[in-house]
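Asks: give the three-dimensional model of this entry:
(2 chains)
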Amino acid sequence: GIQVEQSPPDLILQEGANSTLRCNFSDSVNNLQWFHQNPWGQLINLFYIPSGTKQNGRLSATTVATERYSLLYISSSQTTDSGVYFCAVEKRYNNNDMRFGAGTRLTVKP
Amino acid sequence: NAGVMQNPRHLVRRRGQEARLRCSPMKGHSHVYWYRQLPEEGLKFMVYLQKENIIDESGMPKERFSAEFPKEGPSILRIQQVVRGDSAAYFCASSHGLAGETGELFFGEGSRLTVL
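Replies: Numbers count the residues shown, from 1 in each chain, chains lettered A, B, ... in the order given. Model (predicted):
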């Protein structure tokens, strides 16, 4: 099956700092999503981004499908950004099987 | 306007009992997925269903676990004779599944099973 690797596994930031989270995947994909799991366990959709670049407020994401990676940018981080960020991909021609990376655990300190 | 609805949010069972977790997909979504998350780990795919059909159950344990998505009503994940290792958060997701692709997944808030 497709391999999904996220880095770094853990990240500690001071409030106001910027960060870049990375997701590498081992095969061509139909679908790629970024999720934020908050400290209460809720999974929140951030981006549906199989290719290209999207922005939503302080967050933006870029997927370079040909090079099999995606980046999530967080600018001016806030304590509410803390939690685990997951990348999930669906392998091309293998529909309906979204595989998750192990996540990046982000802690933003005031 | 409701999202994916899961219940119960928390469930406590003793070893050997049965656990039933329910999931209603978002309006207009016909594809349902179940994932399991152990503490401090990522989400592991269990099963993918459409109405009255199991499409892919490659992530389901062969014994004690079953899932259904009847013509009427929510999807049900059933765990028989629970053991302590079944303690986890079980997340349901739905998508529209149009054009043969998954499309964007939306998750419920999860059901947290604790087996005593």
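Asks: which parts of chain B are strands?
Replies: B:5-7, B:10-13, B:19-24, B:31-37, B:43-50, B:53-56, B:65-68, B:75-79, B:88-95, B:106-107, B:111-115 (DSSP state E).
Asks: and those strands: which comes nearest residue A:63?
Replies: strand B:88-95 (18.4 Å; C-beta to C-beta). In short, each C-beta sits where N, CA and C put it, glycine included.
Asks: tell me who's in contact with the residue nearest to the spatial centre of chain B.
Replies: By C-alpha atoms, centre = their mean, chain B has its centre lying nearest to residue B:34, at 3.3 Å. Applying C-beta atoms under 8 Å, 6 or more residues apart in numbering or on different chains, one finds that residue B:34 lies in contact with B:23, B:46, B:47, B:49, B:67, B:75, B:77, B:90, B:91, B:92, B:93.
Asks: could you rerun that using 6 Å?
Replies: B:46, B:47, B:77, B:92 (C-beta atoms under 6 Å, 6 or more residues apart in numbering or on different chains).
Asks: do you know how far the second one is from residue B:27?
Replies: In this case it means residue B:47. 22 Å (C-beta to C-beta, to the nearest Å).
Asks: can I assume residue A:66 sits in a strand?
Replies: No. Under DSSP: H, G, I helix; E, B strand; the rest coil, residue A:66 falls outside any strand and is assigned helix.
Asks: okay, it: pLDDT?
Replies: pLDDT, residue A:66: 93.
Asks: show me where chain B dips below the pLDDT cut-off.
Replies: Where chain B drops to pLDDT under 70, the residues are B:1, B:98-102.
Asks: can we see that at 90?
Replies: Where chain B drops to pLDDT under 90, the residues are B:1-2, B:28-31, B:39-42, B:51-52, B:55-56, B:58, B:95-105.
Asks: and residue B:94, what does it touch?
Replies: So residue B:94 contacts B:4, B:25, B:26, B:29, B:32, B:106 (C-beta under 6 Å, 6+ apart).
Asks: should've said residue A:25
Replies: Taking C-beta under 6 Å, 6+ apart, one finds A:2, A:4, A:68, A:89 in contact with residue A:25.
Asks: and the last one, how many residues sit next to it?
Replies: Applying other C-beta atoms under 10 Å in any protein chain shown, we find 28 residues neighbouring residue A:89.
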